[in-house]
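In: Would you be able to build a 3D model of this:
(chains A, B, C and D)
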Number of protein chains: 4
Amino acid sequence: MEKEKVNVVGVIGAGRIGRLHINNMRNMPNVRLKTVSDPQADHMKDWFSESGVENLTKDYKNIIDDPEINVVFICAPTSLHVQIITEAAKAGKHIFCEKPICFSDENTCKAHKVVKQAGVKFQLGFNRRFDRNFAKTKELVKNKAIGDLHILKIQSRDPEPPSLEYVSHSGGIFMDMSIHDFDMARFISGSEVEEVYVVGGALINPEFKQYEDIDTALITLKFENGLVGVIDNSRQAVYGYDQQLEAFGSKGSAKVNNEKESSVEVLLKEGVKSSNPLHFFLERYNDAFIEEVEQFFEAINNDEEVPCGFVDGIMAQRIASAAKESLLTGLPIKVEKYQ
Amino acid sequence: MEKEKVNVVGVIGAGRIGRLHINNMRNMPNVRLKTVSDPQADHMKDWFSESGVENLTKDYKNIIDDPEINVVFICAPTSLHVQIITEAAKAGKHIFCEKPICFSDENTCKAHKVVKQAGVKFQLGFNRRFDRNFAKTKELVKNKAIGDLHILKIQSRDPEPPSLEYVSHSGGIFMDMSIHDFDMARFISGSEVEEVYVVGGALINPEFKQYEDIDTALITLKFENGLVGVIDNSRQAVYGYDQQLEAFGSKGSAKVNNEKESSVEVLLKEGVKSSNPLHFFLERYNDAFIEEVEQFFEAINNDEEVPCGFVDGIMAQRIASAAKESLLTGLPIKVEKYQ
Amino acid sequence: MEKEKVNVVGVIGAGRIGRLHINNMRNMPNVRLKTVSDPQADHMKDWFSESGVENLTKDYKNIIDDPEINVVFICAPTSLHVQIITEAAKAGKHIFCEKPICFSDENTCKAHKVVKQAGVKFQLGFNRRFDRNFAKTKELVKNKAIGDLHILKIQSRDPEPPSLEYVSHSGGIFMDMSIHDFDMARFISGSEVEEVYVVGGALINPEFKQYEDIDTALITLKFENGLVGVIDNSRQAVYGYDQQLEAFGSKGSAKVNNEKESSVEVLLKEGVKSSNPLHFFLERYNDAFIEEVEQFFEAINNDEEVPCGFVDGIMAQRIASAAKESLLTGLPIKVEKYQ
Amino acid sequence: MEKEKVNVVGVIGAGRIGRLHINNMRNMPNVRLKTVSDPQADHMKDWFSESGVENLTKDYKNIIDDPEINVVFICAPTSLHVQIITEAAKAGKHIFCEKPICFSDENTCKAHKVVKQAGVKFQLGFNRRFDRNFAKTKELVKNKAIGDLHILKIQSRDPEPPSLEYVSHSGGIFMDMSIHDFDMARFISGSEVEEVYVVGGALINPEFKQYEDIDTALITLKFENGLVGVIDNSRQAVYGYDQQLEAFGSKGSAKVNNEKESSVEVLLKEGVKSSNPLHFFLERYNDAFIEEVEQFFEAINNDEEVPCGFVDGIMAQRIASAAKESLLTGLPIKVEKYQ
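Out: Predicted structure coming up:
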């Protein structure tokens, strides 16, 4: 029976996100965690011994070259993505890759060709699509429950800014952080973004400027089908991870609110206190990380379309590039179309 | 045209509630505020000069004896209600009276007879019935939008306890405070209360005990048609006037939440702060006080049933008496029926 | 005593907003409603007879020329504002004027000079500043309760679009509708807007285009002190008047939510239903309309600064002009400074 | 190192709750799922093969007699609890037992003696104590954040009534359903219940009466330290599992609200729709079921007090007995103390 086929998985990169996927896959039926690779493997013995994975290696080639492994998770640094994608695809392995694919549009497109030729499944880790709240809103929009979409608002704020060291090689706020929101904009609207305009600044930490980066951004989006959108990003919402969205249309509006740490309200003389949003993405998107991988395995097992593919990655990256150019020029910038 | 008849009003008692009604009636079309009486009239010159009322007198008989006045508002102390009701009814005047009618069931019933014989309108000031939220919930119950009613919960708490001096002549928590909730229970359910059981204590201020009174009460109600209810009362909700209700039924539930001082939420590192409920009854029931009087005048002008009458007052008082007996005996007590 | 001085008021224009102010002033102490003028006076006998105003006239000159009248409310069409302001100021009367002052910046500035020379008080009707929720948020921002302001979001949507006839002479969405939001942006931030960028369209009713107007707009704002802002406007939120705002800063965020028709929630098998926002501005800003006029009279009586003056009107209009230009050119546009 | 000791577990009973615990324990470090027993073992091959448990047996004696197993989970029918507890305790095994312990107070107390003599850990499955919201409220009450507790309100309603067949052997609503709420009352208040009074009826399904059972109950509680409480139970809240609580005190109030299926709100012309509470206990208390077992293993590993013990079970059962007697007599009933 097709459904009972066991997928044999290799995970490349055992940092935070690699370990997250490994932990989630432990409980999935018909998944065998065969090998995990990481250049720092020597310092990971303790973690590995309880990880549930069979083998630990320093060299990811041991995964690529293992004929038993049919699925590869790429959780390595962005700079290695294209190289690993290319090798894995040529080796005929299905690929789950974290975002972004690559900082270079040219290299991203090259990798896309390889993947298409190899005919393997490729899913990108835009985990938020799989959050029950965003997924429900997508359905409401698709079913025209709120009529035609007129305005899309995305509020996306991290609880605390990354270190300057991280900023120096992050690819900038648009490629590193807003890219999730660009994908969300395309996902919810079902339309391509035509033009981008950005205002913002390094209002939290002026030192971001030395890397031509900002920490606060308002990004206006014009879509092909006429609707308009705005994303606001901040690297520091002191009250926690703020992940909200509103889809406003001709027949009503759908609003995704934050999920909170607890449902407890305390009523005191000085006012009513309630809890903050769930602290960060590990808490808020815990279930979404599981859901995205389960849908990936389903697509493999049933030979179906993946729910989030290569073109989704390319388009989000192109919006990010346009946003960067808008910030530098002070002008609205067209997003390059995908042919 | 009947509708344009001017009602000429006399108000007996110019304390807080008397002034409130006067202020509200100033803007009502076809209402003429002719006379206000108060034993303390000598000390009210400043207020009177801006009150919009034509005459101020110490003796309420001047209102009873004025043939031009066709409507009397009784805002005097409870101990005078029956006497004034009797005189006003015999003089053929329509009566709006604050609650409770009287601490004695016997005298209340006597006054009722007089009013019935006189054929004048009599409305009791159970203002909460006219709050948009409770009125809407009444409609939902009546229309069976939530099916058959199974459980009724009333949460009714004052922001701060009255003075001991007030407690000494208030008639006790059930007659003074819970009486509004007893009326609400009958109003929402459309059913009579059959039996009452009380637990509670003087938990806020033990000195209440010297007046055989308590400040915290849980009152269980059995209704004639099978549903059950509970009222919780506290004389001190430090966060403000807490006036909530839930009508739970076979097809769903209708919940009245508090109205808040503002809609502003402040999100801080230490949590989310929002505002307290509106402070007390003047703020929360501002519109309801206007609505009850407008409906009273409508009933007069169109010679229709008043929305809240003598029997409503009698029954709420009888539930209060049963509650007091339950507290003293520790047993469930039957409520005397009205024939 | 200064406080007891009676202000004698003339109201020019007895349309919806004129009548609203008249009704609110009826209950204000020390305000005498002497005259109301309207070209349609002949058809207003019924309303006038119950309005509480002493005289009704067709010609507003009767108000300007009345030496007893010291305060004028200008509720006439925008096209007449400058003319009436000029005459009223020269006659030494204090002026309350509805927004916008004038569609022409040049004429607005001329009128400003006249008012300054006359030394009379001039207050503009940006009523939303006086809403308890926005006023509280202004205080929170001013007191740095949320730190330095980084992002300002204003959500401002009408329940239903105006008629095409109205659109034809409204001055366009920015001058007619967004102007309130431009003032709110300046009011909350305490900073001037430097640059404006607009995207939007006639998504609700394409016929708006024939008047070079739109019905859906996203307006990005760059402020002088570095913060960024966005306003979203729609002429049609089918669920009611949507008036929300968020001030997001370095130490937290303050969010103004909508006020609702009722606090009742109904829990049914198919989900939880709660009520819509208050329907439109008459309901939502009822108290704010009273508060703005009370503060106006206080400023007159105590010879203090008015809370919303001529320059506030000029700047809001200039932002509106820049917004219009941005829409036409597709580019961000600088806002002309006020010297 | 003490912490790394592996606990070897046997699970008696592989119904819904047994399987739930097994599934949760699969991911716990240092837990070995050795054996599961169930009389219906023959029909459980499919489930067993993916359960992660090593052995499946029909006879629970195989677990009791296995010297390697040091921890037993009792998920068998209530009627077998005392017998299994006795055997497991005598065999020196730590015990996790589902509620209630036993319908007979006498037999429960006998089992308690055996457990005490054996010196094994015994934890009762009052899972709600481990819900983050109730646990937080317990802390707030304990820390006097809301002052002295005056009123405790528990709202506990199932989404749909059980079958009549289930009702026939459930032990009645108080022993089967309210028992969780009785434990919650003791847990939150930190005080014993002194007296119970019940009103209610078979309002959803009159056929419950044939088993002397009801489906709708209002239970009033008097506590030893003066506070008062009320529990309302319904077997059918059509909108979902309703699990709320309020702890009201001298300095404020702490309110646990429901957790919802999603955070999405849909604003339409006919009102605002939001999602229902999580459907039932598996959804709402998913994390609590894990937390209770983790704390059980911690208590074993560190030889500490369990968070919920034998006496907690006895007292909840005695309140249930008093409630039943109150229903039958119509009188308030004292709860038997535990010496």
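
In: Which residues are in contact with the residue of the stretch 1-150 of chain A at minimum distance from chain B?
Out: Relative to chain B, the nearest point of the stretch 1-150 of chain A is residue A:133 (18.4 Å; CB to the nearest CB). For every residue, glycine as well, the C-beta is placed using N, CA and C. By CB atoms under 8 Å, 6 or more residues apart in numbering or on different chains, the residues touching residue A:133 are A:256-257, A:259, D:262-264.

In: now, the most widely separated pair of the residues you listed?
Out: Using CB to CB, the two most remote members of these are A:259 and D:264, lying 11.0 Å apart.

In: of the two, who's got more company?
Out: residue D:264 (23 against 20; other CB atoms under 10 Å in any protein chain shown).

In: which sections of chain A are below the confidence cut-off?
Out: Within chain A, the ranges that satisfy pLDDT under 70 run A:1-4.

In: And the most centrally placed residue in it, how close does it get to residue A:289?
Out: Closest residue to the average C-alpha location of chain A: residue A:126 at 3.0 Å, with CA atoms, centre = their mean. Distance, residue A:126 to residue A:289, by CB to CB, to the nearest Å: 11 Å.

In: quick check: longest helix of chain A.
Out: helix A:310-329 (DSSP state H).

In: That one: how far from the chain's middle?
Out: Computed by CA atoms, centre = their mean, to the nearest Å, the chain-centroid distance of helix A:310-329 equals 14 Å.

In: does chain C sit close to it?
Out: No: for helix A:310-329, no contact with chain C is found by CB under 8 Å from any CB of the partner chain; the gap never falls below 9.9 Å.

In: Please name every helix or strand in contact with that helix.
Out: Contacts defined by 3 or more CB pairs under 8 Å, 6 or more residues apart in numbering or on different chains; DSSP states H and E place helix A:310-329 against helix A:105-118, strand A:122-124, helix A:179-189, strand A:193-201, strand A:216-223, strand A:333-334.

In: okay if I get the ones you listed as a markdown table plus mean neighbour count?
Out: Listed next are the helices and strands packed on helix A:310-329 as a markdown table, based on neighbours: other CB atoms under 10 Å in any protein chain shown:
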| stretch | mean neighbour count |
| --- | --- |
| helix A:105-118 | 16 |
| strand A:122-124 | 25 |
| helix A:179-189 | 24 |
| strand A:193-201 | 24 |
| strand A:216-223 | 25 |
| strand A:333-334 | 16 |
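
In: out of the ones you listed, which comes closest to residue C:314?
Out: That would be strand A:193-201 among the helices and strands packed on helix A:310-329, by CB to CB, at 23.7 Å.

In: which residues sit against that closest one?
Out: A:174, A:182, A:185-186, A:214-224, A:229, A:233, A:315, A:319, A:322-323, A:326-327, A:331-335, C:195, C:197, C:199, C:220-222, C:226, C:228, C:332.

In: make it 7 Å
Out: Identification of contacts with strand A:193-201 by CB atoms under 7 Å, 6 or more residues apart in numbering or on different chains yields A:185-186, A:214, A:216-224, A:319, A:322-323, A:326-327, A:332-335, C:197, C:220, C:222, C:226, C:228.

In: Skip the chain neighbours and tell me the closest residue to the most far-flung residue of chain A relative to its centre.
Out: Farthest-out residue of chain A from its mean C-alpha position, per CA atoms, centre = their mean: residue A:269, at 42.7 Å. Spatially, and ignoring its direct neighbours in sequence, residue A:269 is nearest to residue B:238 (4.5 Å; CB to CB, 6 or more residues apart in numbering or on different chains).

In: measure that neighbour to residue D:223 for me?
Out: 21 Å.

In: can you map out the strands along the stretch 151-300 of chain A?
Out: Ranges of strands in the stretch 151-300 of chain A, per DSSP state E, counting those that start in this stretch, are A:193-201, A:216-223, A:228-234, A:242-249, A:252-256, A:264-268, A:271-274.

In: can you give me the helices in the stretch 51-200 of chain A?
Out: Assignment of helices within the stretch 51-200 of chain A using DSSP state H, counting those that start in this stretch yields the ranges A:61-64, A:78-90, A:105-118, A:132-142, A:164-168, A:173, A:179-189.

In: Can you report phi and psi for the residue of the stretch 51-200 of chain A found nearest chain B?
Out: For the stretch 51-200 of chain A, the residue closest to chain B is residue A:159, as judged by CB to the nearest CB, at 9.5 Å. Dihedral pair for residue A:159: phi -70, psi -30, per degrees, to the nearest 10.

In: tally of neighbours for it?
Out: Residue A:159: 20 neighbours (other CB under 10 Å).

In: ok, now which ones touch residue A:209?
Out: By CB under 7 Å, 6+ apart, residue A:209 lies in contact with residue A:202.

In: and residue D:103, which of the helices of the stretch 51-200 of chain A is closest to it?
Out: Taking the helices of the stretch 51-200 of chain A one by one with CB to CB, helix A:132-142 is closest: 40.2 Å.

In: And the longest helix of chain A, what's buried?
Out: Buried positions in helix A:310-329, judged by neighbour count with 16 or more other CB atoms under 10 Å in any protein chain shown: A:310, A:312-327.

In: on that earlier part again, was I right about the residue nearest to the centre of chain A contacting residue A:308?
Out: Yes: if you go by CB atoms under 7 Å, residue A:126 and residue A:308 touch, sitting 5.0 Å apart.

In: quick one on the thing from earlier: and the helices of the stretch 51-200 of chain A as TSV, adding distance to residue C:295?
Out: Shown next, in TSV, are the helices of the stretch 51-200 of chain A (distance: least, CB to CB, whole Å):
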stretch	distance to residue C:295
helix A:61-64	72
helix A:78-90	57
helix A:105-118	57
helix A:132-142	42
helix A:164-168	47
helix A:173	43
helix A:179-189	41
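
In: I'd like to know how far the residue in the stretch 101-250 of chain A that chain B sits nearest to sits from residue B:40.
Out: Nearest residue of the stretch 101-250 of chain A to chain B: residue A:239, at 4.0 Å (CB to the nearest CB). To residue B:40, residue A:239 is 53 Å away according to CB to CB.

In: Could you check which of the two has the larger neighbour count?
Out: residue A:239 (24 against 10).

In: Pull the contacting residues for that one.
Out: Residue A:239 touches A:276-277, B:267-269, B:272, C:252-253, counting by CB under 7 Å, 6+ apart.

In: Residue numbers of the stretch 51-200 of chain A in contact with chain D?
Out: Proximity of the stretch 51-200 of chain A to chain D, by CB under 7 Å from any CB of the partner chain, involves residues A:132-133, A:136-137, A:140, A:145.
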